[in-house]
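Peer 1: sequence first, then the predicted structure:
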Amino acid sequence: MDSLLSGSDYNQLRAFVAVGELLSFSRAAEALGVSPSALSQLVRGFEERVGVRLLQRTTRSVALTEAGEMLFRRVRPAVSELGDAIGQVRRTRNRPAGTLRVHVFRSAAESFLEPMLPAFMATYPEVVLDITLDDAVVDMVANGYDAAIRIGEVIERDMVAVPLGPELRMVAVATPAYIAAHGMPQHPRDLVRHRCIRWRWPGHVTPYAWEFCENGTWFEVAVDGPLIVSDKDMDIRATLLGLGIGFPAEHAVAEHIAAGRLVPMLQAWSAPFPGFFLCYPQQRQMAPALRAFIDALRNPAALHMKQSAEDAAVDQRFR
């Protein structure tokens with residue numbers, strides 16, 4: 001059966017079923033929206049593929065042969081079911097629905113994802129968001145993800161990347177008590193003599209080497225210290241406990257810096273780099289659910305306005 005359903009063979013099978021139902025080439029052609037001559041060619045081609053005569057034709061009538069009757073009874077339910085399935089998919093092609101798998105860096109979830117979830121889920125109740133929070137850089141396509149939110153420097157070149165926020169900056173910070181006890185480094189390379197709280201990318205063996213910029217050139221410092229973590233929030237908490245110098249994103253510790261709990265250092269060597277992006281594979285036909293998700297992340301205010309308008313319309317109907 002697989003060979004019969006390749007290419008245009010499904011159209012031939014559908015043509016045969018239509019003639020078998022109506023026992024008339026003219027009425028079957030009208031039902032399918034084709035000319036009688038085109039329908040006749042489809043049925044003749046199908047009979048040649050099967051190798052058996054399926055229809056008896058006269059100038060006045062059409063009838064199924066014994067083989068045609070047997071085949072018609074077997075394939076008619078399947079063709080009907082397949083047609084219904086295709087019709088259902090076509091009816092939903094412009095409506096966001098289904099499961100959308102998204103891989104999100106942990107530090108991006110709170111800033112970009114969580115604020116838009118209530119309005120998105122209320123506006124698109126047929127979309128199921130399957131979200132993985134993970135700082136590992138995974139192959140999206142190989143792992144079955146539809147989209148990801150990650151920093152710009154780890155996005156594959158063949159991906160479509162949509163910026164979500166401003167540039168980021170890493171900053172070395174420590175508590176006033178740590179600085180009083182161990183001193184303030186004057187250059188990034190001085191960090192090798194300090195207790196540093198190191199962070200390891202999930203899936204990597206060695207901890208992340210801290211990156212700084214001097215005269216437009218980036219360089220790395222392989223710091224050392226008594227604590228290695230794989231969670232950036234724990235990195236910040238350990239720094240607040242005075243266990244060493246941390247190297248978080250500046251925005252993540254802005255409140256602690258403003259309150260004096262942490263002191264920034266080496267800022268002259270802390271340069272900005274591309275921030276968070278929504279990325280997804282290039283595709284000819286984008287699923288409506290993915291399009292709705294992209295639009296919601298790019299313009300969350302519009303999503304909230306849309307939800308407010310829909311809520312107002314519902315309230316008006318029930319008044």
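Peer 2: Structure received. Worth saying up front: this structure is predicted, and the values here are computed from it rather than measured.
Peer 1: got the domain ranges for this protein?
Peer 2: 3-92, 98-164+275-317, 172-269 (automatic domain parsing).
Peer 1: need those in TSV (columns: mean neighbour count and mean pLDDT).
Peer 2: No exception for glycine: its C-beta is placed from N, CA and C like everyone else's. Below are the domains of the chain laid out as TSV (neighbours: other C-beta atoms under 10 Å; pLDDT from 0 to 100):
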stretch	mean neighbour count	mean pLDDT
domain 3-92	15	79
domain 98-164+275-317	16	83
domain 172-269	16	94
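Peer 1: just the CA coordinates of stretch 116-134, formatted as PDB?
Peer 2: Only the C-alpha atoms of stretch 116-134 are listed here, as PDB (Å, rounded to 0.1, in the frame of the first residue of the first chain):
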ATOM      1  CA  MET A 116       4.500  36.700  29.900                       C
ATOM      2  CA  LEU A 117       3.200  33.300  30.900                       C
ATOM      3  CA  PRO A 118      -0.200  34.300  32.500                       C
ATOM      4  CA  ALA A 119      -1.300  36.400  29.500                       C
ATOM      5  CA  PHE A 120       0.100  33.900  26.900                       C
ATOM      6  CA  MET A 121      -1.600  30.900  28.500                       C
ATOM      7  CA  ALA A 122      -4.900  32.800  28.800                       C
ATOM      8  CA  THR A 123      -4.800  34.000  25.200                       C
ATOM      9  CA  TYR A 124      -3.700  30.600  23.700                       C
ATOM     10  CA  PRO A 125      -5.300  27.900  25.900                       C
ATOM     11  CA  GLU A 126      -4.700  25.200  23.200                       C
ATOM     12  CA  VAL A 127      -0.900  25.700  23.400                       C
ATOM     13  CA  VAL A 128       1.100  23.500  25.900                       C
ATOM     14  CA  LEU A 129       4.500  25.000  26.800                       C
ATOM     15  CA  ASP A 130       7.000  22.300  27.700                       C
ATOM     16  CA  ILE A 131       9.800  24.400  29.200                       C
ATOM     17  CA  THR A 132      13.300  23.100  30.200                       C
ATOM     18  CA  LEU A 133      15.300  25.300  32.400                       C
ATOM     19  CA  ASP A 134      18.900  24.500  31.900                       C
END
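Peer 1: how about the nearest residue to residue 226 once chain neighbours are set aside, what does it touch?
Peer 2: In this structure, residue 226 finds its nearest non-sequential neighbour in residue 195, 6.1 Å apart by C-beta to C-beta, 6 or more residues apart in numbering. If a contact means C-beta atoms under 8 Å, 6 or more residues apart in numbering, then residue 195 has 178, 182, 224-226, 243-245 as its contacts.
Peer 1: can you tell me how far residue 195 is from residue 242?
Peer 2: 10 Å (C-beta to C-beta, to the nearest Å).
Peer 1: list residues touching both of these two?
Peer 2: Jointly contacting residue 195 and residue 242 under the rule C-beta under 8 Å, 6+ apart are residue 178.
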